[in-house]
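A.B. asks: Following is a predicted model, sequence given first.
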Amino acid sequence: MVYEGAVEQLPDDGVLIEQAREGDITAYGHLVARYQDTAFRIAYLITRSPTDAEDAAQAGFLKAYAALHRFHVGAPFRPWLLRIVANEARNRSRHERRQARLIPRIGGSEPRHRTERSAEEVVLTDETHRLLAGALWRLRYEERLAIFTRYFLDLSEAEAAVVLGCPAGTVKSRLSRGLEHLRADFQWEPDA
C-alpha cells in the first residue's frame, strides 16, 4: 500500500525480471525506464548519431525482452542488456556508416547544480571538452569503447567485458593502451 507523500520503491532487477518473464509488461517497463539513458549513451558512443542510437536502444530493449528466458538468474542485468544494445548499435553502424559531425556530449547528463561561470571559464571548459572529444575520437575503435564503457558509463572492468563481448583482460589492455594514447595526445588522466 502506498500512502500519500510516500515514495514508491521499485523492486530490484531480479524481481522485475521474474515478473517480466511471467508476462508483466509493467515490470519490464520499469527496467526500460531504469536503463534507458545508459542504453542510449552506449548506442550513441557507437553510432555517433542520436537517431541511430535511439533506434538501436529501442531495438535492443525489444530483443532483450524477447531473450529474457535466456537471461541467467542472479547475473547482473545491466551489462547483459548493454551488450545487446551495443551489438544492435554496431550492426546499425556497420550498415549506415554515417559520419556525424557533432561532438558528443561526453559524460552524460547536464550538471545538476549550475553555478555562474565567467566567460573565460566557459571558453576554457568548452575548449577542453572539444580537445578531449577530438582525442577520444582519434583512438582506435576498441580502445575508445573500452574507455567510454569504463569511465563515462562507470562500468567495472568485468561489466565492460560483458558489454564489449571480450575477456576482462582484453578490456584492461585496451584501457591501458587507450589511456596511454590519450596521455600522449591530450595529457589526460581520469580520476581513479
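C.D. replies: Thanks, I have it. Owing to the predicted nature of the structure, the values given are computational and were not obtained by experimental measurement.
A.B. asks: Assign a three-state SS to Ala57, would you?
C.D. replies: helix (DSSP: H, G, I helix; E, B strand; the rest coil).
A.B. asks: quick one: it from Phe71, how far?
C.D. replies: 18 Å (Cβ to Cβ, to the nearest Å). Bear in mind the C-beta positions are built from the backbone N, C-alpha and C, glycine included.
A.B. asks: Let me see the ranges of the helices in this protein.
C.D. replies: 13-21, 25-47, 50-66, 77-96, 119-138, 141-147, 157-164, 168-186 (DSSP state H).
A.B. asks: With only the CA atoms kept, save the fourth one in PDB.
C.D. replies: Going back to what we said before, that points to helix 77-96. Taking Å, rounded to 0.1, in the frame of the first residue of the first chain, the C-alpha atoms of helix 77-96 are listed here in PDB:
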ATOM      1  CA  PHE A  77      21.200  -7.400 -15.800                       C
ATOM      2  CA  ARG A  78      22.700  -4.100 -16.800                       C
ATOM      3  CA  PRO A  79      25.800  -5.500 -18.600                       C
ATOM      4  CA  TRP A  80      23.700  -8.200 -20.300                       C
ATOM      5  CA  LEU A  81      21.300  -5.600 -21.600                       C
ATOM      6  CA  LEU A  82      24.000  -3.100 -22.600                       C
ATOM      7  CA  ARG A  83      25.700  -5.900 -24.600                       C
ATOM      8  CA  ILE A  84      22.500  -6.400 -26.600                       C
ATOM      9  CA  VAL A  85      22.200  -2.700 -27.200                       C
ATOM     10  CA  ALA A  86      25.900  -2.400 -28.200                       C
ATOM     11  CA  ASN A  87      25.500  -5.200 -30.700                       C
ATOM     12  CA  GLU A  88      22.500  -3.600 -32.200                       C
ATOM     13  CA  ALA A  89      24.300  -0.300 -32.400                       C
ATOM     14  CA  ARG A  90      27.300  -1.900 -34.100                       C
ATOM     15  CA  ASN A  91      25.000  -3.600 -36.600                       C
ATOM     16  CA  ARG A  92      23.300  -0.300 -37.400                       C
ATOM     17  CA  SER A  93      26.600   1.500 -37.600                       C
ATOM     18  CA  ARG A  94      28.100  -1.100 -40.000                       C
ATOM     19  CA  HIS A  95      25.100  -0.700 -42.300                       C
ATOM     20  CA  GLU A  96      24.700   3.000 -42.100                       C
END
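A.B. asks: Counting by contacts, list what it packs against.
C.D. replies: Counting contacts by 3 or more Cβ pairs under 8 Å, 6 or more residues apart in numbering; DSSP states H and E, helix 77-96 packs against helix 13-21, helix 25-47, helix 50-66, helix 157-164.
A.B. asks: who's in contact with it?
C.D. replies: The contact list for helix 77-96, computed with Cβ atoms under 8 Å, 6 or more residues apart in numbering, reads 13-14, 17, 31, 35, 38-39, 42-43, 46-49, 52-53, 55-57, 59-61, 63-64, 67, 71, 145, 149, 153, 155, 158-160, 162-165.
A.B. asks: No further queries at this time; thank you.
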